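> Just to be clear, the model below is a prediction. Sequence and coordinates:
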Amino acid sequence: LSGQFMLIYGKDIKEKLYGEEFFVTRKIDGELRTILFDGEQTVMYTSGNTKQTDFPCLDEITKICKLNNFSNAAFVGELNFVADDNKRTRVTDVIHAVSNKNLHKKLRLSIFDILFIDSKKCAKSNDYKVTHDKILEIFGKEKNFFVEPIQMEIAKTTKEVELIYKKWVEQENAEGLVIRCDTPFMWKIKPQHTIDAVALGFTVGENGIRDILFGVTEKDGKYRIFAHGGNGLTNEQRQIYLEKFNEIKCNTTFYYTDSRNVVFQMIEPKYVFEIGVIDFLTADCFQKTKYNTILDYSKKMGFTFSKR
């Protein structure tokens, strides 16, 4: 599905979003699931095609499908974790809950598409309202903790989209918006935050720099590991920074790996980048604080773990 989306940021709605009529749905911070009811029971599949069974939300879909006398059906939805205080949760909470049977009762499916019912494929239309109305008819008759229709509003103009964005994302802290219209792709709209971060290390790919390890400076001069990534760099920039970074390699007793498990080569903290991020996390839905590694740096020793 990722190839069907065009990502823009909330501040760019007026300049970059276009279309005739916008079907705006709330973006859920969870994991994609394909849900299959065979007439007797319901299972779901991850985007990696892993089969999952024995979840209360699946039992609820089975119950609803039987009440509607479906012989079979398939839906697409977002599996998300519901906190006790109904505050926003993240995909990491879903991953944790899926692996802990005691937390399965906190997982909800938010349905946003129908693949087929009674072996008949659901006709796709530019008018998403047709699909959403059917979802409401099946899953929206009464409030249900385990299964819900995705929340949707219709906007006629980009100004109306901006108002929905302000309410759902800026005021209610939703992850973002998903918009369907007459374009051949869907729009994904998220907030963007920028922060100045210092480059502390790098890994290498085919075109030069692959990932940069970033940190932020504490008031006492120590460095807190912040994030790593390489999106936004051109191939020319990857080569340029590879040459520059190779000149300032330094010692370290700290080791950190990228998504390939390749260890970052640490460098002297000389280069500062303005990086864009979608979200900042300080704690999970259980209010457990997330801690990042803090490092000391000296010209002689390089990077070492802080004794703080």
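In hand now; what should we look at? From a predicted model like this one, the values you see are computed outputs, not experimental measurements.

> quick one, strands of the stretch 101-250 of the chain?
Secondary structure of the stretch 101-250 of the chain (DSSP state E, counting those that start in this stretch): strands at 107-117, 120-121, 147-149, 152-155, 176-180, 186-190, 193-205, 208-217, 223-229.

> Tell me which of those strands lies nearest to residue 280.
Each of the strands of the stretch 101-250 of the chain has some distance to residue 280 by Cβ to Cβ; the shortest is strand 193-205, at 6.7 Å. C-beta here means a position set from N, CA and C on the backbone, and glycine is covered the same way.

> Could I get the average pLDDT for that closest one?
If you average the pLDDT over strand 193-205, you get 94.

> before we move on, what about stretch 110-127?
Per-residue pLDDT values across stretch 110-127 average out to 88.

> For that stretch, buried residues please.
Neighbour-count burial for stretch 110-127 flags 110-114, 117, 122 (criterion: 16 or more other Cβ atoms under 10 Å).

> for the stretch 51-200 of the chain, what are the low-confidence residue spans?
Segments of the stretch 51-200 of the chain classed as low confidence (criterion: pLDDT under 70) are 125-126.

> just to revisit the earlier point, can you redo the strands of the stretch 101-250 of the chain as CSV with distance to residue 51?
Converted to CSV, the strands of the stretch 101-250 of the chain look like this (distance: least, Cβ to Cβ, whole Å):
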stretch, distance to residue 51
strand 107-117, 15
strand 120-121, 22
strand 147-149, 19
strand 152-155, 29
strand 176-180, 26
strand 186-190, 27
strand 193-205, 34
strand 208-217, 33
strand 223-229, 32
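
> out of the ones you listed, deepest packed?
Using mean count of other Cβ atoms under 10 Å, the stretch among the strands of the stretch 101-250 of the chain with the greatest mean number of neighbours is strand 176-180 (a mean of 23).

> Please write out the alpha-carbon positions of it in CSV.
The C-alpha trace of strand 176-180 is given here as CSV (Å, rounded to 0.1, in the frame of the first residue of the first chain):
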residue,chain,number,x,y,z
GLY,A,176,-2.4,12.2,10.6
LEU,A,177,-5.0,12.1,7.8
VAL,A,178,-5.5,9.8,4.8
ILE,A,179,-7.4,11.4,1.9
ARG,A,180,-9.0,9.7,-1.1
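
> quick one: strands adjacent to it?
On the basis of DSSP bridges, the sheet neighbours of strand 176-180 come out as strand 22-27 (antiparallel), strand 186-190 (antiparallel).

> hmm, who's touching that strand?
The list of residues contacting strand 176-180 from outside it, by Cβ atoms under 8 Å, 6 or more residues apart in numbering, reads 5, 10, 17, 19, 22-27, 112, 128, 161, 164-165, 168-169, 186-191, 278.

> Tell me which of the strands of the stretch 101-250 of the chain approaches residue 293 most closely.
Using Cβ to Cβ as the criterion, the shortest distance between residue 293 and those is 4.5 Å, found for strand 223-229.

> Contacts for that closest one next, please.
The set of residues that contact strand 223-229 without belonging to it, under Cβ under 8 Å, 6+ apart, is 195, 197-198, 200-201, 211-218, 256, 258, 264, 269, 275, 277, 292-297, 303.

> and the angle for that strand with strand 208-217?
Interaxial angle, strand 223-229 versus strand 208-217 (axes from the mean of the first three to the mean of the last three Cα atoms, to 10 degrees): 150 degrees.

> what's the spacing between strand 223-229 and its chain's center?
Averaging C-alpha coordinates over strand 223-229 and over its chain gives two centres that are 19 Å apart (Cα atoms, centre = their mean, to the nearest Å).

> just to revisit the earlier point, among the contacts of strand 176-180, which ones are buried?
The neighbour-count criterion (16+ other Cβ under 10 Å) marks 10, 17, 19, 22-27, 112, 128, 161, 164-165, 168-169, 186-191 among the contacts of strand 176-180 as buried.

> on that earlier part again, dump the strands paired with strand 176-180 to CSV, plus distance to residue 79.
Supplementary listing: the strands paired with strand 176-180 in CSV, determined by distance: least, Cβ to Cβ, whole Å:
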stretch, distance to residue 79
strand 22-27, 14
strand 186-190, 18
